[in-house]
Each structure stands twice: as C-alpha cells, then as structure tokens.
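1. Compute the structure for the input listed below.
(chains A and B)
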There are 2 protein chains.
Amino acid sequence: MEKDVAGDIDGWIRLVSLSPPSLQDNTADADRLKNQLKRQLNTESVEIDLSVLRELPFRLRDWGYSARCVVVKERDADLWHLTGISNPLENQRIVGVAVDLGTSRVVIRLVELSKGEILIETSFDNPQLSVGPDVLTRIHACDQPGGLEKLNRMIIDELNQRIQNACNACGIDTSDVFFMALAGNTSMTHLFMGLSPKWLIREPYIPVINSPDVQKADAYGLQINPAGRVFILPNIGSYFGGDLIAGILHSGLSQQSNPAILVDVGTNAEVVLGNESWLVACAGAAGPALEGGVAQIGMMAGPGVIDRLRIDPGTRVFQIHTIDEMQPIGICGSGMIDLAANLFLTDMIDLRGRFVPEVCGKKLVMQSSIPYLEIVSADESGTGQPLMISQADMDSLIRSKAAMYTILETITESVGMALADLKTFHVAGTFGAFIDPVSAVTIGMLPDLPPETFQTLGNSSL
Amino acid sequence: MEKDVAGDIDGWIRLVSLSPPSLQDNTADADRLKNQLKRQLNTESVEIDLSVLRELPFRLRDWGYSARCVVVKERDADLWHLTGISNPLENQRIVGVAVDLGTSRVVIRLVELSKGEILIETSFDNPQLSVGPDVLTRIHACDQPGGLEKLNRMIIDELNQRIQNACNACGIDTSDVFFMALAGNTSMTHLFMGLSPKWLIREPYIPVINSPDVQKADAYGLQINPAGRVFILPNIGSYFGGDLIAGILHSGLSQQSNPAILVDVGTNAEVVLGNESWLVACAGAAGPALEGGVAQIGMMAGPGVIDRLRIDPGTRVFQIHTIDEMQPIGICGSGMIDLAANLFLTDMIDLRGRFVPEVCGKKLVMQSSIPYLEIVSADESGTGQPLMISQADMDSLIRSKAAMYTILETITESVGMALADLKTFHVAGTFGAFIDPVSAVTIGMLPDLPPETFQTLGNSSL
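-> Residues are numbered from 1 along each chain as shown, chains lettered A, B, ... in the order given. Okay, here's the model as predicted:
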C-alpha cells in the first residue's frame, strides 16, 4: 500500500492500520481502533464520536482495516477524540477554518491541514453592524427580550453561509471541515457562544468565561462537520480578547527577552507590552474615529476607498491611491493618517490641526460656517460629489491619535520605561496592517522611533 | 445558609460556594466556578456544557454565588464535566434512570440520586417485538434500507415516551434526569446506539464496540436533560452483553473466593462461572422455547397468565395461580416449568416427557393426531377456550431444559469442576426471577443442588 504522507504528520491526522478481526481475536471494531490509536498517540484514553462510530464498521471493512483518522486532544486532560475517518488511499481534504471575528469585519480562512495549505481567504462585514457599529450598542441590544439570541444567530448564520460559499469555491464539502479556531474580543466571542455580555460593561466587569472549552461545532449550530471541534482563543478580561492573544503568539512577544510592544488597531485599540517574563495590557476605543461614521467621507477599506495619499510639497497636488484603483468614493483610516501627516508636512494644518486658509487656498470652503477641505473634486470623484474633510473630522482624528499615544505612553510609563526604549513595535489589526508607520509618527499617533522598529503583522488572528 | 445535605455526598452532586467577583478579583464566572470544582474534585480539568454555561451568570447571581452542581467524570481520563446546576436552597431533584433493555421486555427505574431513593419502576414490551421476537430476525431486518434507523427509532421513541410518563407520575421534569445507565445484550445495545448489528452474526462475530463511551443524551435523541450523560454497560463479545456484566456486579460473583455460577435466563440464557480470579461465560437461546410463540398457549408474564402451578398428587387436580389472580389466558415460563415438574411428579408424563394416557385420563385429547393435555377447561378459562398443552410443546420444553442443563454442564466441565461443587447458584433475568428452583431441578433444567444453593437476583440490570 502506498504510504500516505499526510498520515505521518504529528497532530490532527493519523494513519492507522489494524490487524483484521478473527475468531482468535474478536475484539470489536471500535475497541480495536482505539487500542491502536492509544499506542500511536501515547495516551490512556480515546473516545469516538457517535457519528463516526456509526459508519466505522462499514468503512473499516471497505478500507481493509486502515483509516486516516482525525483526532483532537482535550486541552487539559489526557483524552483524545476521534472526530473523523477517511479513506487512506484517497487524499480526502481535512480542513480547518480560522476566523478573525472583528467588531466590524470578519475574516475567514480555510486551511488544508495535512499540507498546511491555505485554500481560500475571504472577509465580510460583521452582520451585527446592523444592530450597532460599536460593542456597547450591541451589548445593550442583548438586554431586549430575544436580543442575545438574535445577535448570536446573526453571526452564526453569516459564518455558516460564508463558510459554505468558501467551501463551494474550493470544491470541498462543509463536512470536510473538522476544526474551527476563532479569535475575537471578549464581547464578540460571548455573542458567538450565545453568552450574555451583560456583565462585561457593569462593574466589576466580569466575563461569563475567560477560557472557553473546546466544543463540538453542532453545539454552536455551526454547519461544518457536526463532530468538528471549535477552539476559541481565551480572553484575559472583559476588554482583552482572544484576538490579542493570537497577536501575542504571532508576534512572539512572549518569547523575547527584550521588551516589545504590540498595538492591535481595529475598531478598538489594544496594546500589550512585555517580554518572556511579563506582559501588561490595556485597551480603549480608537478606530471608530478613523473609520466610517466619524469622518463624513470616512469608510471601511473597500474598492474605491483612499488608502494611501501624498501631497506634493511643491505643488500641493493631492496624489491619491484607492483600493482596486477605482474612482475615489471615501477614505479609510490609513488614508486619513496619510492625509493628516501630509497636511502637516505641507503646512496646510498647523500644530493644533487647524486648516491654514492662506496655504489651503481655494481648496478650503465654508459650509454652515464650518471649514471643509476638498480632497477630491467632483469631476474626479466616484460619487459625483467632491470628497471633503471638515475641521470637525480633523479634530476627531487629533483626539484619536492623542488617545492612542496616551495609551502607549501610559502603558510604558506604568512599567518604568520610555517609548524610546522599545526595540520592536508590532502593529497588528485589519486597520493597523495598512497604516504607514511614518505617517502615524508624523501626526504623533505612534512614537518617533526609527522606521525599522515598526513591524506590521497583518491579521494576527488568523 | 442552611447546609444542603445532598451537597455533601461524594459523587455526582456537589455543593459549591464561591467568593463573589470584585474589581480586585475579576475572574470570569465560569473560570471561578471551575477553579472551585477542581479543588473539590481534586482534578486538573473541569469542562462546562454549553447549555449550563449559558445560564450560569444569571444563576450564580440569583443564588449568591452558590450552586448545587451535577458533575460526571470521564471513565478513563482525569476530566470532569459540569452537566447541570441547581439552586442550593431548593432541593431540586437530580434524577438518574436505569434501563434494563431486554429483547422482549424493557424495565426502567427512576432514582433520585442525592438520596438514592427509587421514585418509580415500570416495564413494557420492547417495541421491536413487532419486527421480530428474537434477536436474529431484528438483525436481519437491519439489512433492509432504513431498517437499522427504524429499529433504533422504535426503542428511542418508546424510551422517551415511557420516561416522560414516569417523570409525569413522579411530578418531575425530564430535564431533571441527568443520567441514564443502560444494560442490555450486545444486539440490543447496538440497536439502541444506532450501530449496525450486521457483523454480530457473521463469522468472526465482531461487535462495533465493546465498551461504549459515555455520550450526551441528545446524541442518542433521548429527551432527558440534553447535557445528561448515558452510560452503557460494556459487552464482552457479540453474545455477552452489559446485562450480564450488571448481573456479575450485582451478584458479587467476581468478588468471592469460592467459584459460583450466574444464570441469566431471559429470551436468551447466559451463564457465567467464576470467582474473584477468573470468569468464564457462554450463552445460547433458551427462553423462547418457554414463552410466547413456542408453546401454543405460552405467553409472556402478564395479567391472567399462569405463573405458578401445582398438581395435587392424590386427586390430580390442577391448582393454578395467575398474575393479578385473573381468569387464566395462557402460561409463562415459570408456569411451564412448574407444570412439567408436577406432571412428572404425578406420573402424568414419563421420563422422556411423553404424556401417559392411562394416568392423564380424559384430560388428554387427540387433535389432528397430536395428543393435547387440558390444563384449564373452557368454563374456567379467561379466553372461553380450554387451555391445552400439546406433546410438541412438551418436547420443546424438554429440548430447552436440556440445552440449559448442557450449557451448565459444559461450562463447569470446561474448568474441571462438577455442578455439585458449586456452593452458590445465582438465577437472574426477568424470567429467572420467577422460576421456582425446585421445579427447575425436578425437570432437570437446573442441577440437583440443595435448595439454599439457589439465589434469585431479581432484575440485576437495574
């Protein structure tokens, strides 16, 4: 028999080959398989999910008493579960799905586990946005009768649909998905699990659970393999979620001897400072001031949204870049930071962030006695309207960047360090991944450290 | 607070009292409870079922951070599951249901676990009887498309209905039932679990599983508490089920130094011989020859069925006893054995079991040239017809008793013993519980040992 390379990997997929039963050795099919798995996994205890058990006798006989087994270990106990079997001679794909459950944006990624190959990645708005853009509104919505169930169903249904679509696109069946790993802030994971977030926002700010147990997919109503297991990254408290844990792991923050800092900027900003011996963290609202709903033309990253911007210091011509290079329709957080930095570098705003009329010239117009700066003219805009930034938008950004800098300064001072002592500065989060550190330094959002200090992590939750 | 005595028992119910959360100790509710349970259970690992987790934060606050916890340990791993919580100040009943899943008859018993009090016991026909009276017919029925699912649904649906009725009768809710312990022969437990019994009857006679894992009730479609756990007693092989294991435990067979024998007589007869050091077992068909379908007036025990019978040695008048003392409508196994013994003692049959016409007199009639003996006249019968035993019925009984005796002789000889060496002879099974050992000895079904040797166990599966 050809050796299945996938069966050799340590971890979740094991190839087993059994001696067939006989009158001399009439051990039952399941016990025979368990005994072999116990040896291979070096464990005392293996359990078999009922759905697997029911097909086991047929499959073992079809496959000559060999099988590729999907196994998963209990986190804190010497107990493994057999959650799937497949034909050792066919390379059925054993798939896991990673979910970054953001307050605004959700990203899912399908990974073929025997080869570690990424099959597809896709992102979509968190459907709970229709209830409220921020965490607080959604938590209050749970106080309504049926509110929690509604918010829970929204995210579960959307995930089911999106995972189904992603599977279709890769030509796999949802029953091939045996694992889900999910990271999100504490509120998002509570809503995902159907747990009341009520006490997260009431003193003394208590989550229902910090370290969720591994559960079966069908317990959550997820339509992957019903025996599939769902891992939710633990949270530390009400405002420190599994997404940040994922960032810590991904950045290696907790394995370095030199203290480093990790900033995860999304709808909220979370900051962790530390090294292999200690970690301190804090969190606060940050992103909303930079995204849709605050700046009038602000919106989340998407086609036609300005994500990069430069102002020529000589001509003061705006050089914009939009996502997918479509006609501009708005501006996202990284674009706003570039804009503010370039306005400052070209003297179009002063130190306090006020538009300077004599420099801005005819780009500056008054509407209802509020100054507006035209970024894109109506001719060049994708909306047919000029894209304008108001003085109020600029003030919001200034407050956001000040909040961010204050968080950074506070956390470093709290451990007796200065920001300048940091050798590495990890920037994570869907939004953080796109920030130009130089622009962020220019406006005083991030500290003035050498550019090589900044490491962007991309989406560390996946 | 009044101390709840039920909380003190070791085992499945634990009373816990937590320090409430504070700004200084903001551990999540679930983790707080787990930490306390880990200490009380002296374990490294406690998991909480999702249904319990969802109500946990509300209940802990309602109950001042105390709770009566229903916990269950994994069989082979140091891992406990929290499957239910109840108010420590109210004595909510925590109930288990024991099921003796017989081929013909099913017995269920509800037990209140904190006090060990039996709430109710009820029995009913196995609904699979409508498919076939014996195990073989049902196994063959599973080869039909949908056959296994049908037989599985029959027993699950019937159990749900009967448990619901039993709960109603005791004034408890099915969600108060947190445990099920089930014993049955290997075929019956396979059908209960929805596992194909196909290979039980085909060489080399392999069950799907010998030692079923503990599963959640909802995995089987059982309508008790969905987080309730189902324990199925292990079987040793295709013909040696968990019911016999229950008998061994109940009789103490495996804890005595003197070898003893256990005979479990139901639709099938299973025999175990051994002591604390060794056990041997065998099984074979036995009961059917004694029950409905073989003897023409034979039927399973029920109202109006003759269960005891004596023939006056002088007058040869039949003194019958029926269940519930109703007019006789048939005869069950224990009645048949009494009948055969008394016919032999009164010389109405000879050594080979043949009716002796000159002794039987006018009670003996010929129908289609087969001799019939009238047991009950039409006047006294509950059916309006005389109850008759044919020579063929008597021959069947003789073969059954011979099979039984052969099993007993074979198993004792196989270990170099004689039946006379046995000091204790346990008789179990719904049918065995009602046999009069003296009658069974008289007809040579059981060995001729002193009457005190025989110990009836009642229903040892419960």
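
2. Up against chain B, what does the stretch 51-200 of chain A have?
-> Applying C-beta under 8 Å from any C-beta of the partner chain, one finds that the stretch 51-200 of chain A approaches chain B through A:53-54, A:56-58, A:74-79, A:193-196, A:198-199. For the C-beta atoms, the positions are set from N, CA and C on the backbone; glycine is no exception.

3. Inside helices: which ones of those residues?
-> A:53-54, A:56-58, A:193 (DSSP state H).

4. which among the residues you listed end up buried?
-> A:53-54, A:56-57, A:193 (16 or more other C-beta atoms under 10 Å in any protein chain shown).

5. Pull the most distant pair out of those.
-> Between any two of these, the greatest separation by C-beta to C-beta is 35.1 Å, found for A:Pro57 and A:Met193.

6. how about A:Phe179, phi and psi?
-> phi -140, psi 140 (degrees, to the nearest 10).

7. That one: how many residues sit nearby?
-> By other C-beta atoms under 10 Å in any protein chain shown, 24 other residues sit near A:Phe179.

8. how near is it to A:Val97?
-> According to C-beta to C-beta, to the nearest Å, A:Phe179 and A:Val97 sit 7 Å apart.

9. Name the residues that touch stretch A:248-259?
-> The contact list for stretch A:248-259, computed with C-beta atoms under 8 Å, 6 or more residues apart in numbering or on different chains, reads A:247, A:260, A:262, A:272-276, A:279, A:415, A:417, A:421-424, A:426, A:428, A:455, A:457, A:460.

10. For PyMOL, write a command that selects the buried ones of those.
-> Buried residues among the contacts of stretch A:248-259 (16+ other C-beta under 10 Å), as a PyMOL selection:
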select buried, chain A and resi 247+260+262+272+273+274+422+424+426+428+457+460
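
11. So which of the contacts of stretch A:248-259 belong to helices?
-> Using DSSP H, those in helices are A:Gly247.

12. Which members of the contacts of stretch A:248-259 additionally contact chain B?
-> Okay, of the contacts of stretch A:248-259, nothing touches chain B (C-beta under 8 Å from any C-beta).

13. tell me which helix or strand of chain A sits lowest on mean pLDDT?
-> strand A:279-285 (a mean of 73; mean pLDDT, DSSP states H and E).

14. which is the next helix or strand following that one?
-> strand A:305-311 (DSSP states H and E).

15. Quick check: buried residues in the following helix or strand past that following strand?
-> Using DSSP H and E, the helix or strand that follows strand A:305-311 towards the C-terminus is strand A:318-322. Under the neighbour-count criterion of 16+ other C-beta under 10 Å, strand A:318-322 has A:318, A:320, A:322 buried.

16. Now do the phi/psi pair for the spatially closest residue to A:Leu101 that is not a sequence neighbour.
-> Closest residue to A:Leu101 in three dimensions, ignoring its sequence neighbours and counting by C-beta to C-beta, 6 or more residues apart in numbering or on different chains: A:Gly184, at 3.3 Å. Per-residue torsions, A:Gly184: phi -170, psi 170 (degrees, to the nearest 10).

17. A:Gly184 - how many residues pack around it?
-> Considering only other C-beta under 10 Å, A:Gly184 is surrounded by 27 other residues.

18. Find me the pLDDT at it, would you?
-> Looking at A:Gly184, its pLDDT is 89.

19. Okay, it and chain B: tell me how far apart.
-> Separation of A:Gly184 from chain B (C-beta to the nearest C-beta, to the nearest Å) stands at 15 Å.

20. In a markdown table: the ones in helices among the residues of the stretch 51-200 of chain A next to chain B, plus pLDDT.
-> Shown next, in a markdown table, are those (pLDDT from 0 to 100):
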| residue | pLDDT |
| --- | --- |
| A:Leu53 | 96 |
| A:Arg54 | 96 |
| A:Leu56 | 97 |
| A:Pro57 | 96 |
| A:Phe58 | 96 |
| A:Met193 | 97 |
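
21. Chain neighbours aside, what residue packs nearest to whichever residue of the stretch 301-450 of chain A sits closest to chain B?
-> Per C-beta to the nearest C-beta, A:Ser414 is where the stretch 301-450 of chain A lies closest to chain B, at 17.2 Å. Among residues not flanking A:Ser414 along the chain, A:Val280 sits closest, at 6.5 Å (C-beta to C-beta, 6+ apart).

22. Would you mind listing the residues in contact with the one you found?
-> A:Val280 neighbours (C-beta under 8 Å, 6+ apart): A:272-274, A:411, A:414-415.

23. What's opposite it in the beta bridge?
-> When assigned by DSSP bridges, A:Val280 has beta-bridge partners A:Leu273.

24. helices or strands up against the helix or strand harbouring A:Leu136?
-> Element membership for A:Leu136, per DSSP H and E: helix A:135-141. Contacts defined by 3 or more C-beta pairs under 8 Å, 6 or more residues apart in numbering or on different chains; DSSP states H and E place helix A:135-141 against helix A:147-170, helix A:186-193.

25. what about that helix, distance to the chain center?
-> 20 Å (C-alpha atoms, centre = their mean, to the nearest Å).

26. Also stretch A:88-104?
-> With C-alpha atoms, centre = their mean, you get 15 Å for stretch A:88-104.

27. and if you look at stretch A:393-410?
-> With C-alpha atoms, centre = their mean, you get 23 Å for stretch A:393-410.

28. List the buried residues for that stretch?
-> Buried residues in stretch A:393-410 (16+ other C-beta under 10 Å): A:393-394, A:396-398, A:400-401, A:403-405, A:407-408.
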